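**Student:** okay, predicted coordinates and the sequence, questions at the end:
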Amino acid sequence: KNQVEQSPQSLIILEGKNCTLQCNYTVSPFSNLRWYKQDTGRGPVSLTIMTFSENTKSNGRYTATLDADTKQSSLHITASQLSDSASYICVVRRNTGNQFYFGTGTSLTVIP
Amino acid sequence: DSGVTQTPKHLITATGQRVTLRCSPRSGDLSVYWYQQSLDQGLQFLIQYYNGEERAKGNILERFSAQQFPDLHSELNLSSLELGDSALYFCASSVRLAGDGEQYFGPGTRLTVT
């Protein structure tokens, strides 16, 4: 079954600290993996898109890693800011039929 | 602002009714995707249109249908509404047919079925 699981479900960190969010998937055949940031009540915003051959991709303070062999990805946030408080969603695209599978997200709260 | 617009922003209707949600993609984008986000299920892919043609189908119920018009705007029609259809409905647009490119999400339509 094609699934995407994220952990932790929620996370609270102090401003300025780093954190890492996890995404495990069973989607096959794999096409790409995306990380989105979603503020409450708003549409998701893309952070990174990674294909099979990419191990690491950065977007400012956000760095995503992908291990296609173990089917795991992580999103590392450096020097967190209050504006990083949001839900972070991992999405995997299946190569067949252009299907997208979403994780349930990690809710991140950054406190001063 | 992603450049994708959705109307209406909020919609409240009763069970059994039919509603139409509208999406205008970014200028130049030919692909439109529809997604449903409910509290218990998270985000789910519903359907994709590219240049007026249906190209991919996800977990879309038979009571739901969509179309993309020659001016590339898209509409999602939801009929025989049930309480469980209450959710945020997002559309996203992309310039590419294949789902390997960036998708830009609209602000969503919040549907409440009472």
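**Tutor:** The structure has been received and is ready for your questions. Numbering: from 1, shown residues only, chains lettered A, B, ... in the order given.
**Student:** residues touching the closest residue to chain A within chain B, list them.
**Tutor:** Chain B approaches chain A most closely through B:Phe105 (3.2 Å), counting by CB to the nearest CB. Every residue, glycine included, has its C-beta placed from N, CA and C. Listed by CB atoms under 8 Å, 6 or more residues apart in numbering or on different chains, the contact set of B:Phe105 reads A:43-45, B:2, B:4, B:35, B:90-92.
**Student:** closest one of these to B:Glu75?
**Tutor:** For these, the residue nearest B:Glu75 by CB to CB is B:Cys91; the value is 9.7 Å.
**Student:** list the buried residues for the helix or strand bottoming out on mean pLDDT in chain A?
**Tutor:** Sorted by mean pLDDT, DSSP states H and E, the helices and strands of chain A end with strand A:99-102, the least confident at a mean of 90. Neighbour-count burial for strand A:99-102, counted by 16 or more other CB atoms under 10 Å in any protein chain shown, picks out A:99-102.
**Student:** how far off centre is stretch B:95-114?
**Tutor:** Its chain's C-alpha centre and that of stretch B:95-114 lie 6 Å apart, by CA atoms, centre = their mean, to the nearest Å.
**Student:** got the end-to-end distance for that stretch?
**Tutor:** Distance across stretch B:95-114, first residue to last, is 37 Å (CA to CA, to the nearest Å).
**Student:** state the distance from the closest residue to chain B within chain A to A:Asn24.
**Tutor:** Of all residues in chain A, A:Gly43 sits closest to chain B, at 3.2 Å by CB to the nearest CB. A:Gly43 sits 25 Å away from A:Asn24, going by CB to CB, to the nearest Å.
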